[in-house]
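S.K.: sequence and computational prediction follow.
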Amino acid sequence: MKKVLATAAAAALVLQMWSGAALADKKSDEFALAAAAILGIAAVSHKETHYRDGYRPKDAAETADFERGYRDGLHNVAFDPANSSTAFAQGYDAGQKERANSLSYKTSNVKGVKVPQAAMNSCVNDAASAMSVGRHQIHVVKAGQEGADNYYIELASGHKHLVCSVNAKGEIFDTRYGRL
């Protein structure tokens, strides 16, 4: 919620600057300031889960390269080492990872285990809350069953993975970061 409010406030500031710049004979300094604010909004609104631990783009150009790589990886475009940078490669890797996560429901790792809907909903809600993302950004990667009533579900968002231990009623008894 804080990011949404910050983004809305920054957008209002940009619009105010933009209209002020149009009325003030379109001075180049005001346009440069508005452009910097727009880039700031883009950097703030980007999902932190797409960055690997320890990596953050240093400037607007590196952020743009990361975004270009992320889109290419997400849409499965062939990697082009001739036109890439470290930021592009990091973004491409993040996009490929997100693509794999979003398509994971088609693999037998998840389909092989019949997890009750109450258990699945509880884990997805818990993971979304723990990772500070929306439910639609959580992907089920693997599922396992122990006994008649206990399930282990691996969920992912970007590079972060979480394992949820839950019973058939949807009562969560353990959540930890990691993989199954």
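M.R.: Here it is on my side, so go on. Numbers count the residues shown, from 1 in each chain.
S.K.: in what helix or strand does residue 88 lie?
M.R.: helix 86-102 (DSSP states H and E).
S.K.: likewise residue 62?
M.R.: helix 60-74.
S.K.: may I see the buried residues of that helix?
M.R.: 62-70, 72-74 (16 or more other CB atoms under 10 Å). From N, CA and C alone the C-beta is placed, and that goes for glycine too.
S.K.: follow-up on the earlier one: in the helix holding residue 88, what's buried?
M.R.: Of the residues in helix 86-102, those buried (16+ other CB under 10 Å) are 87-98, 101.
S.K.: need the contact list for the closest residue to residue 133 other than its chain neighbours.
M.R.: Nearest non-adjacent residue to residue 133, counting by CB to CB, 6 or more residues apart in numbering: residue 157, 5.1 Å away. Residues near residue 157 by CB atoms under 8 Å, 6 or more residues apart in numbering: 49, 101, 127-128, 131, 133, 137-139.
S.K.: who wins on neighbours among these?
M.R.: Of all those, residue 127 has the most neighbours under the rule other CB atoms under 10 Å, reaching 26 neighbours.
S.K.: thought it was touching residue 162?
M.R.: Yes - the pair residue 127 / residue 162 is scored as a contact, 4.9 Å apart, by CB atoms under 8 Å.
S.K.: between the two, which contacts overlap?
M.R.: 155, 175.
S.K.: domain ranges for this structure?
M.R.: 2-102, 106-177 (automatic domain parsing).
S.K.: which of the ones you listed has the lowest average pLDDT?
M.R.: Ranked on mean pLDDT, the bottom entry among the domains of the chain is domain 2-102, at a mean of 73.
S.K.: what about residue 162, which SS state?
M.R.: When classified by DSSP: H, G, I helix; E, B strand; the rest coil, residue 162 comes out as strand.
S.K.: how close does it get to residue 79?
M.R.: Separation of residue 162 from residue 79 (CB to CB, to the nearest Å) stands at 28 Å.
S.K.: higher neighbour count, these two?
M.R.: residue 162 (22 against 14).
S.K.: can you pull the contacts of the more buried one?
M.R.: Residue 162 neighbours (CB under 8 Å, 6+ apart): 127, 130-131, 154-156, 175-178.
S.K.: hmm, which of these are the buried ones?
M.R.: 127, 130-131, 154-156, 175.
S.K.: a markdown table please, covering those and showing secondary structure.
M.R.: Below are the buried ones among the contacts of residue 162 laid out as a markdown table (three-state DSSP):
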| residue | secondary structure |
| --- | --- |
| 127 | helix |
| 130 | helix |
| 131 | helix |
| 154 | strand |
| 155 | strand |
| 156 | strand |
| 175 | strand |
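S.K.: no further questions, thank you.
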